[in-house]
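Novice: Here you go, sequence then predicted model.
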Amino acid sequence: MVLALAYALLSGLHTVFDLDMGWHLATGRWVVQHHAVPSTDVLSYTSPGAEWLYPPFAGVLFYGIYSVWGYAGLTWFCMLVLVATVACLLRNASRPDGGLAAALAILAVPAIAWRSNPRADLFTPLFFAVFLVQLWTFHTSGTGVQGDAAAMRWARLRLWILPLSMLLWVNLHPGFIAGLGLIVAYLLMEVLDLLVPERRRAVLDRLRTAWPPLTATVFATLLNPYGPRVFKASLLLAGLGSGNQEMSPVVVEELTPVPLSSLSLARFLDWRNPDSFWWLALVAAAVIVLAAWRRQFGAALLMVAALYGSMQHRRYKGLFAIVVVVVGSTILAEALQNRRPGSAKAAARRSGRWGALGGVAAGALLLVTCVHIADLISSRRYIAAMAPMRFGVGESWWFPEHAADFIQREHLPGNLFQVYNLGGFAAWRLGPAYPDFIDGRNLAPDVLDEEQQLLASSPDSPVWTIEADRRHINLLLFSLARFSGIGSPDLMSLCGSKEWRPVYMDEVSVVLLRNRSENRPWIDRYGVDCQTHGFTPPQPASRMELSNFYANAGDILLHLGRQSEAREALEHAAALSPDDPSVPLALGQLFEERQDLAEAEQAYKRSLSLGGEPEVVWLCLGRLYSSQGRYAEARAATLTAAQLSAMPANEYSMLGAIDLRLGQPEQALSDYARAENLGEQYWRGREDQHQALFAQIAEGRAAVYAQSGDLQQAIESEQEATRRMPESASRWKTLGDLYGKAGQVQLAEQAYERASALSK
């Protein structure tokens, strides 16, 4: 128990990073300043007056903590909630299942800690644990390892904790619906136990006792500022509402499924990897079998539902871990206690064997957990996972604080455009003077479409001009930091823009102003030349801070084509932090651009050996091998990336091109079909935002049909590619070539003319 609590404490002790943290703080500030609860959008200028149903009091609490203790206070508070959640799971070590609960809690800590950030979702694992512990304890009172009269009396009394907890939960996070789900699960367990005659009387007694507090719990959900309307937000968050198409896994990564393949399953054998999801899944499978065998059908169904939900959406891994600890420890303990009877001597031998096995398992768990704790304190876990956190307290380095200071200090005019990932930060740091363009609160489909269309277009395109005029956008803020930063949009296109001029740049962000006469004073004074701009390391700074600075600066220099400077910065970062897998990954991309292909391959393999994001690195290796004509190796690497990726549509599109090169046209068509199906599944209703992928698929099919001699099918597929990407000169030229081969001379000339016009 001590080890589990210490592990939880140190897992929560890291710099705060969450893309939603900012809008929670901004909402809390608004409530405190206006003494009101918002029911419409009050943070963005793109959807003013839009309905907003979200409990605001978590934001108020975070804002109060920040106002007194700053970001360090948020770190400590999140850590305390994580420790409280794990302590709730441990309950009472004196019970026969206490040791198992502690062991399973250690395995569960990483999954629960993943959600322990300064956001309202922080409270759902805590209250979920409270609900499950009380309901499960009450359900098992009078039977099994927990069966005694005193335990049953206390279980009855503690049921009244539920309505009090729900009163808090419904006003802190829409995840309160999970509590109602647990009540339904409890009632289902009792109903299924009615089918077992010897349990029927106890079930009826429990139901008579439970209905008042459970009814009060349901009514407590209505005691919130929005009344019954809060269920709309709750169902949407759970993916069950009418607007759940807005909660796309492309936008909300937490909604992506857990990749299921032999490679992803094998990763759980890496003892240094703290992600114990597959170990918990293995325990869950054993519990399901044991529960069904013991005719505890309700418990088996609960475990099946928890496992399925966590496989479909990563967001629910923490809740699944809680179910495994609470339900699994009891059922496993009962199974161990009720082994087959025998002589006292045989029982003693079995007890000795089980004791020895338990001692070895406990020792191994102790050793591995101590190593994981050491990895936390040294920040190795965060570095290896390429995460924007480090051990300690305060704010993550990822946020563009200095850029926000520059915007406020210089009073830059006009509305601000920033991407979704920066929406929360902009709402908090720059609002209300600069309302945000889009954030995680209100994913209005038209605003989301607008953002994606802008990011897919050149900053000098008519799309930007029209939207900037319509929205009065005069100011752009983009993240250049690694991990969900640099690359969207392309930095070179921003630096070379005539309509927008960079006026601030550091190793994590860039600020641009619209190139107009009224902005000339700022542009003339602060204009940034991206080809000569220097990056100054922070002073004073720790070794880790310097390593992070040089890694970020090297990545930016690489994207700017300043290869020599990029290599120098990245090698400096590698010397300071040799275990950082992101640095050899960036070096591999640099070597690949310089056509130093052997060095690029070695750098990518170095990143893999350090435990970096394998799906990204394998994809880079697949691209590298393909460029060298090593198509068999390229296929193996790209297929590995696809098996590890949660959204492998692009990977299967690449496989189609590789299989065509390998002379396997049927397999290539199968790859393209799978890529298209996955793309439609991920981006259903929003395919227009990802035209490049679907155009690539159509063009790949055209190449397959052309190679097979089916010119009509090839023409139709290439027409689809040009329909999706009508500004692509190369695709119009390819279409012209196909028309020419088919003898359609006039159409070929028209396609060539279109390609020529687009090339000018």
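Specialist: Perfect, I can see it now. Note that this is a predicted model, so its numbers are computed, not measured.
Novice: Look up the closest residue to Y226, ignoring the ones flanking it.
Specialist: What sits nearest to Y226 in space, not counting adjacent residues and going by C-beta to C-beta, 6 or more residues apart in numbering, is L53, at 5.3 Å. In short, each C-beta sits where N, CA and C put it, glycine included.
Novice: gap between that neighbour and R441?
Specialist: If you measure L53 against R441 using C-beta to C-beta, to the nearest Å, the figure is 10 Å.
Novice: now do E334
Specialist: Applying C-beta to C-beta to E334 and R441 gives a distance of 45 Å.
Novice: I523 too?
Specialist: To R441, I523 is 33 Å away according to C-beta to C-beta.
Novice: So between the two, which is more surrounded?
Specialist: In terms of neighbours (other C-beta atoms under 10 Å), R441 is the more surrounded of I523 and R441; the figures are 24 against 19.
Novice: looking at it, the more buried one is touching P55, isn't it?
Specialist: No - judged on C-beta atoms under 8 Å, R441 makes no contact with P55 at a distance of 11.9 Å.
Novice: Hmm, L660 is touching Q707, no?
Specialist: Yes - counting by C-beta under 8 Å, Q707 is a contact partner of L660 at 6.8 Å.
Novice: what residues are up against the residue nearest to C530 when sequence neighbours are not counted?
Specialist: Sequence neighbours aside, C495 is the residue nearest to C530 in space, at 3.5 Å (criterion: C-beta to C-beta, 6+ apart). Applying C-beta atoms under 8 Å, 6 or more residues apart in numbering, we find C495 in contact with P502, V528, C530, Q531, L560.
Novice: mind redoing it with 7 Å?
Specialist: C495 makes contacts with P502, C530, L560, as judged by C-beta atoms under 7 Å, 6 or more residues apart in numbering.
Novice: and the first one, that's in a strand?
Specialist: Right, P502. Yes - residue state for P502 (DSSP: H, G, I helix; E, B strand; the rest coil) corresponds to a strand.
Novice: How many residues are close by the nearest residue to it once chain neighbours are set aside?
Specialist: Among residues not flanking P502 along the chain, V528 sits closest, at 4.1 Å (C-beta to C-beta, 6+ apart). Neighbour count of V528, defined by other C-beta under 10 Å: 17.
Novice: isn't V528 right next to V503, touching?
Specialist: Yes - using C-beta atoms under 7 Å, V528 is in contact with V503, at 6.4 Å.
Novice: Buried residues of stretch 72-79, list them for me.
Specialist: Buried residues in stretch 72-79, counted by 16 or more other C-beta atoms under 10 Å: A72, G73, L74, T75, F77, C78, M79.
Novice: cool, and stretch 490-506?
Specialist: Neighbour-count burial for stretch 490-506 flags L491, L494, C495, S497, W500, R501, P502, V503, Y504, M505, D506 (criterion: 16+ other C-beta under 10 Å).
Novice: With distance to R674 and pLDDT as added columns, please give those residues in JSON lines.
Specialist: Converted to JSON lines, the buried residues of stretch 490-506 look like this (distance: C-beta to C-beta, whole Å; pLDDT from 0 to 100):
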{"residue": "L491", "distance to R674": "32", "pLDDT": "89"}
{"residue": "L494", "distance to R674": "34", "pLDDT": "92"}
{"residue": "C495", "distance to R674": "37", "pLDDT": "93"}
{"residue": "S497", "distance to R674": "37", "pLDDT": "94"}
{"residue": "W500", "distance to R674": "39", "pLDDT": "96"}
{"residue": "R501", "distance to R674": "44", "pLDDT": "97"}
{"residue": "P502", "distance to R674": "41", "pLDDT": "97"}
{"residue": "V503", "distance to R674": "45", "pLDDT": "97"}
{"residue": "Y504", "distance to R674": "44", "pLDDT": "97"}
{"residue": "M505", "distance to R674": "41", "pLDDT": "96"}
{"residue": "D506", "distance to R674": "42", "pLDDT": "95"}
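Novice: how about TSV for these, with distance to A642 added?
Specialist: Output for the buried residues of stretch 490-506, formatted as TSV (distance: C-beta to C-beta, whole Å):
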residue	distance to A642
L491	28
L494	31
C495	34
S497	35
W500	37
R501	41
P502	37
V503	42
Y504	39
M505	36
D506	36
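Novice: Mind telling me the two of those farthest from one another?
Specialist: Across the buried residues of stretch 490-506, no pair lies farther apart than S497 and D506, at 19.0 Å, counting by C-beta to C-beta.
Novice: between the buried residues of stretch 490-506, which is nearest S379?
Specialist: D506 (22.1 Å).
Novice: and that closest one, what does it touch?
Specialist: By C-beta under 7 Å, 6+ apart, D506 lies in contact with H402, A403, F535.
Novice: just the buried members of those residues?
Specialist: Listed as buried from the contacts of D506 are A403, F535; burial here means 16+ other C-beta under 10 Å.
Novice: and which of the contacts of D506 is nearest to I697?
Specialist: Nearest to I697, judged by C-beta to C-beta, of the contacts of D506 is A403 at 37.6 Å.
Novice: Mind listing what's buried along whichever strand or helix holds the closest one?
Specialist: In this structure, A403 is located in helix 401-410 according to DSSP states H and E. Neighbour counts over helix 401-410 (16+ other C-beta under 10 Å) mark A403, A404, F406, I407, E410 as buried.
Novice: From those residues, pick the one nearest L735.
Specialist: The closest of the buried residues of helix 401-410 to L735 turns out to be A403 (C-beta to C-beta; 43.7 Å).
Novice: contacting residues around that closest one?
Specialist: With contact taken as C-beta under 7 Å, 6+ apart, A403 is in contact with L477, Y504, D506, S509, V511.
Novice: For stretch 190-198, output the C-alpha coordinates as CSV.
Specialist: Only the C-alpha atoms of stretch 190-198 are listed here, as CSV (Å, rounded to 0.1, in the frame of the first residue of the first chain):
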residue,chain,number,x,y,z
GLU,A,190,-28.4,-7.8,-8.3
VAL,A,191,-31.0,-8.8,-10.9
LEU,A,192,-28.8,-11.5,-12.2
ASP,A,193,-28.1,-12.8,-8.7
LEU,A,194,-31.9,-13.2,-8.3
LEU,A,195,-31.5,-16.1,-10.8
VAL,A,196,-29.4,-18.0,-8.2
PRO,A,197,-31.9,-19.3,-5.6
GLU,A,198,-29.6,-19.3,-2.6
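Novice: Please name the nearest non-neighbouring residue to G49.
Specialist: Leaving out its chain neighbours, the residue that sits closest to G49 by C-beta to C-beta, 6+ apart is T40, at 5.0 Å.
Novice: Check L678 too.
Specialist: Distances taken as C-beta to C-beta, 6+ apart put A649 closest to L678, at 4.1 Å, once the chain neighbours are dropped.
Novice: That neighbour and L455, how far apart?
Specialist: Separation of A649 from L455 (C-beta to C-beta): 18 Å.
Novice: So between the two, which is more surrounded?
Specialist: Legend: neighbour count by other C-beta under 10 Å for A649 and L455, higher for A649 (23 against 15).
Novice: Provide a list of residues in contact with the more buried one.
Specialist: A675, L678, G679, Y682, L693.
Novice: the strands in the stretch 401-550 of the chain, which residues?
Specialist: Using DSSP state E, counting those that start in this stretch, the strands of the stretch 401-550 of the chain run over 415-418, 473-479, 500-505, 509-514.
Novice: could those be laid out in TSV, adding distance to G358?
Specialist: Shown next, in TSV, are those (distance: least, C-beta to C-beta, whole Å):
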stretch	distance to G358
strand 415-418	54
strand 473-479	49
strand 500-505	58
strand 509-514	53
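Novice: if we can go back for a sec, can you pull the alpha-carbon coordinates of the helix holding A403 into CSV?
Specialist: Provided in CSV are the C-alpha atoms of helix 401-410 (Å, rounded to 0.1, in the frame of the first residue of the first chain):
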residue,chain,number,x,y,z
GLU,A,401,4.4,32.3,-22.7
HIS,A,402,6.9,34.7,-24.1
ALA,A,403,4.9,35.1,-27.3
ALA,A,404,1.8,35.9,-25.2
ASP,A,405,3.9,38.5,-23.3
PHE,A,406,5.0,40.1,-26.6
ILE,A,407,1.4,40.3,-27.9
GLN,A,408,0.2,41.9,-24.7
ARG,A,409,3.1,44.2,-24.2
GLU,A,410,3.0,45.6,-27.8
